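>>> Build me a model:
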Amino acid sequence: MDAPLEHTPSQPAADAKAEPNPAVIPVCPGRLVKIYISSGHDYWGRQGEGRMQSGIREVQTVECVAGMGLRGDRYFGFRPDFKGQVTFFDAAVVEEIRQTFKLPKLPASVFRRNLIVEGVNLRDWLGKRFLFQGVEFEGSQECKPCQWMDRVIAEGAEAFLKSGFRGGLRAKIRSGGMLRVE
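Numbering: from 1, shown residues only. Just a heads-up that it's a prediction; the model follows:
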């Protein structure tokens with residue numbers, strides 16, 4: 001893997017009190033290929049309640065709000081310091097699922113992850129702060145798949161996604177800004 005690019009916050013003026021060892025925040029490489037947000041959940045309810053119909057919307061830009069999430073998404077302001085303010089998902093995994101389960105037209109939206117990226121090893125950012133398109137994130141947890149994947153994709157999709165960090169990365173938003181599909 002290439003060494004990550006780094007961003008060093010601007011140096012303080014000579015007469016200001018300097019913080020020792022200013023933080024260096026690596027820049028996450030890669031390209032944002034899809035953005036999805038949803039106003040609500042879309043899973044099946046318990047004990048025969050049926051499927052919720054919140055749907056998911058593809059957008060070209062989205063506002064990231066520090067500590068809150070993606071404006072317009074179901075987890076926006078969910079609870080303080082929530083680990084899943086945003087989810088990243090590898091576009092290569094979308095292709096693997098399509099090939100493995102012989103579903104060439106399976107939409108990336110079915111995974112219900114916010115940011116579909118390519119050229120990024122998401123596992124590398126777990127437990128780390130990073131910049132992506134100028135917005136600071138902190139990789140907080142693997143986004144482990146649930147039974148939903150077997151229902152909306154095919155039997156065995158959940159197990160397939162549980163191996164190799166294929167479920168994606170949950171992250172906290174540490175600074176605000178806009179993300180754009182490239």
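>>> can you give me the helices for this structure?
Per DSSP state H, the chain carries helices over the ranges 91-100, 148-152, 157-162.
>>> what's the closest of these to G176?
helix 91-100 (25.0 Å; C-beta to C-beta). In short, each C-beta sits where N, CA and C put it, glycine included.
>>> same for that closest one, what does it pack against?
Identification of packing neighbours for helix 91-100 by 3 or more C-beta pairs under 8 Å, 6 or more residues apart in numbering; DSSP states H and E yields strand 115-118, helix 157-162.
>>> Next, work out how far apart A157 and E138 are.
From A157 over to E138 the distance is 28 Å, taken as C-beta to C-beta, to the nearest Å.
>>> which one of those two has more residues nearby?
A157 (24 against 17; other C-beta atoms under 10 Å).
>>> So for that one, what's the pLDDT?
Note on A157: pLDDT of 96.
>>> number of nearby residues for the closest residue in space to it that isn't next to it in sequence?
Among residues not flanking A157 along the chain, M149 sits closest, at 4.1 Å (C-beta to C-beta, 6 or more residues apart in numbering). Around M149 there are 22 other residues, counting by other C-beta under 10 Å.
>>> How about E158?
E158 - counted by other C-beta under 10 Å - has 18 other residues nearby.
>>> returning to that earlier point: now render the helices of the chain as a markdown table, adding distance to L169.
Supplementary listing: these in a markdown table, determined by distance: least, C-beta to C-beta, whole Å:
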| stretch | distance to L169 |
| --- | --- |
| helix 91-100 | 11 |
| helix 148-152 | 16 |
| helix 157-162 | 13 |
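>>> if I pick R113, what's in contact with it?
36, 87-89, 143, 168 (C-beta atoms under 8 Å, 6 or more residues apart in numbering).
>>> one more time with 10 Å, if that's ok
34, 36, 56, 86-90, 93-94, 143, 145, 167-170 (C-beta atoms under 10 Å, 6 or more residues apart in numbering).
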